[in-house]
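*Asks:* below is the sequence, then the predicted model.
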Amino acid sequence: MTAASSSESAAPAAVLTPERGRISRRIAAITESATLAVDAKAKALKAAGKPVIGFGAGEPDFPTPDYIVEAAVAACRQPAMHRYTPAGGLPALKEAIVAKTARDSGLQATPANVLVTNGGKQAVYEAFATLLDPGDEVLLPAPFWTTYPEAIRLAGGVPVPVVADEQSGYLVSAAQLEAARTPRTKVLLFCSPSNPTGAVYPAEQVEEIGRWALEAGLWVLTDEIYEHLTYGGVSAPSMPVVVPELAERCVVVNGVAKTYAMTGWRVGWILGPTDVVTAVQLAELILEEAEVAVVPGEAFGTPGYLRMSYALGDDDLVEGVSRLQRLLGSAE
């Protein structure tokens with residue numbers, strides 16, 4: 001090391017903490033993803049010509065398969081894909097997710113159980129934001145993916161690590177979970193195969209933990225994005241398949257990033273009970289019964305109203321309003 005010059009020593013140190021009051025404490029408290037930080041540093045060093053080998057980010061080291069890329073290119077050429085899409089995902093995509101889930105894990109669902117998200121990370125946060133009230137505790141088997149505790153805290157919850165080590169094969173037991181449970185416990189986060197250890201829970205242990213959660217009255221968020229990253233003929237059974245009675249208190253998170261080398265495509269999803277993944281009943285009734293799409297007033301801060309955009313042709317406007325009149329008139 002060399003001593004700094006007088007002009008350098010006089011310069012103030014960089015301030016890395018946010019200015020008080022400038023951003024919310026909730027956001028300021030979020031810790032940067034350690035894996036992404038390491039990956040960004042590694043990529044910067046490689047760009048500078050350093051022979052860095054990246055063991056940091058969990059990202060497949062091969063391109064997205066050609067057939068997926070070609071399908072995406074073809075979809076981009078369709079004018080129908082240039083428009084606003086439903087907030088919960090295209091109906092065709094939801095149907096494809098239902099079929100994929102049944103094929104790969106045996107879990108039976110309907111499109112109404114599916115919410116499409118911008119990658120698995122958003123799916124995890126949205127699930128916690130839906131399930132947690134401030135102060136609710138989440139049992140979090142450790143080691144865990146770096147994003148889990150931050151998503152829990154951002155949703156107002158409290159992560160409660162339950163540590164497993166190499167002696168147990170990095171698998172937590174139902175007894176450990178029970179010892180960590182308190183009156184504030186609301187959710188168990190379950191991930192198998194696990195990130196970062198790769199540990200896979202055998203079916204009998206999945207069932208034991210699932211039945212424990214059911215008896216304890218807990219929700220389970222099971223992250224299945226690594227479902228195909230298994231070796232030696234080992235399989236990773238889905239908890240709501242092993243314990244079907246748990247399905248009404250279970251949210252499954254998944255996505256395309258890992259299995260299909262699509263980390264940058266940002267496509268994930270939630271599978272869960274319809275009251276977890278859907279909102280406002282009148283708007284749904286109008287869409288289902290009259291085939292007219294409107295937006296509930298709750299979205300604009302005015303419950304009890306509907307919002308109708310009239311940027312349509314005159315014929316569609318007349319037909320749409322006529323359908324509403326017939327539906328609402330028959331309900332009187």
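*Replies:* Looks like it came in fine.
*Asks:* can we go C-alpha only for contacts and neighbour counts from here?
*Replies:* OK.
*Asks:* pull the number of nearby residues for residue 49.
*Replies:* Here the number of neighbours of residue 49 (other Cα atoms under 10 Å) works out to 9.
*Asks:* what are the ranges of the helices in the stretch 151-300 of the chain?
*Replies:* With helices called from DSSP state H, counting those that start in this stretch, the stretch 151-300 of the chain shows them at 174-180, 203-216, 239-242, 274-277, 281-285.
*Asks:* which residues touch the third one?
*Replies:* In this structure, residues lying in contact with helix 239-242 by Cα atoms under 8 Å, 6 or more residues apart in numbering are 105-107, 203, 206-207, 210, 222, 246-247, 250.
*Asks:* now with 7 Å?
*Replies:* The contact list for helix 239-242 (Cα atoms under 7 Å, 6 or more residues apart in numbering) reads 106-107, 206-207, 210, 246-247, 250.
*Asks:* kindly report the same for stretch 317-332.
*Replies:* For stretch 317-332, using Cα under 7 Å, 6+ apart, the contacting residues are 290, 292, 310.
*Asks:* with neighbour count and distance to residue 46 added, can I get those residues in JSON lines?
*Replies:* Shown next, in JSON lines, are the contacts of stretch 317-332 (neighbours: other Cα atoms under 10 Å; distance: Cα to Cα, whole Å):
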{"residue": "290", "neighbour count": "18", "distance to residue 46": "57"}
{"residue": "292", "neighbour count": "17", "distance to residue 46": "54"}
{"residue": "310", "neighbour count": "9", "distance to residue 46": "53"}
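*Asks:* who wins for proximity to residue 197 among the helices of the stretch 151-300 of the chain?
*Replies:* The closest of the helices of the stretch 151-300 of the chain to residue 197 is helix 203-216. By Cα to Cα, the value is 16.9 Å.
*Asks:* now the closest one: average pLDDT?
*Replies:* If you average the pLDDT over helix 203-216, you get 97.
*Asks:* okay, the helices of the stretch 151-300 of the chain, which one's buried deepest?
*Replies:* For the helices of the stretch 151-300 of the chain, the largest average neighbour count (mean count of other Cα atoms under 10 Å) is found in helix 239-242, namely a mean of 22.
*Asks:* how far off centre is that helix?
*Replies:* Relative to the mean C-alpha coordinate of its chain, helix 239-242 is positioned 19 Å out (Cα atoms, centre = their mean, to the nearest Å).
*Asks:* ok, back up a step: switch the contacts of stretch 317-332 over to CSV; also include pLDDT.
*Replies:* What follows is the contacts of stretch 317-332, written out as CSV (pLDDT from 0 to 100):
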residue, pLDDT
290, 77
292, 81
310, 72
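*Asks:* so which strand or helix has the residue most central in space within the chain?
*Replies:* What sits nearest the mean C-alpha location of the chain, by Cα atoms, centre = their mean, is residue 123, with 1.4 Å. Assigned by DSSP states H and E, residue 123 belongs to helix 120-131.
*Asks:* how about that helix as CSV, C-alpha atoms only?
*Replies:* Output in CSV follows, covering the C-alpha atoms of helix 120-131 (Å, rounded to 0.1, in the frame of the first residue of the first chain):
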residue,chain,number,x,y,z
GLY,A,120,-39.4,-16.7,-9.4
LYS,A,121,-38.2,-13.9,-7.2
GLN,A,122,-41.3,-11.8,-7.8
ALA,A,123,-43.4,-15.0,-7.2
VAL,A,124,-41.8,-15.5,-3.8
TYR,A,125,-42.4,-11.9,-2.8
GLU,A,126,-46.0,-11.8,-4.0
ALA,A,127,-46.8,-15.0,-2.2
PHE,A,128,-45.4,-13.6,1.1
ALA,A,129,-47.1,-10.2,0.5
THR,A,130,-50.4,-12.1,0.2
LEU,A,131,-50.0,-14.4,3.2
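*Asks:* partners of the following helix or strand past that helix in the sheet?
*Replies:* Downstream of helix 120-131, the first helix or strand assigned by DSSP H and E is strand 137-142. When pairing is defined by DSSP bridges, strand 137-142 lines up against strand 158-163 (parallel), strand 185-191 (parallel).
*Asks:* out of those, which comes closest to residue 113?
*Replies:* Of all the strands paired with strand 137-142, it is strand 185-191 that lies closest to residue 113, at 19.0 Å by Cα to Cα.
*Asks:* list the buried residues of that closest one.
*Replies:* By neighbour count on 16 or more other Cα atoms under 10 Å, the buried set for strand 185-191 is 185-191.
*Asks:* ok so, going back, and the furthest pair within the contacts of helix 239-242?
*Replies:* Among these, 106 and 210 lie farthest apart (Cα to Cα), at 16.4 Å.
*Asks:* just the pLDDT for residue 243.
*Replies:* 97.
*Asks:* list the contacts of residue 145.
*Replies:* Residues near residue 145 by Cα under 7 Å, 6+ apart: 195-196.
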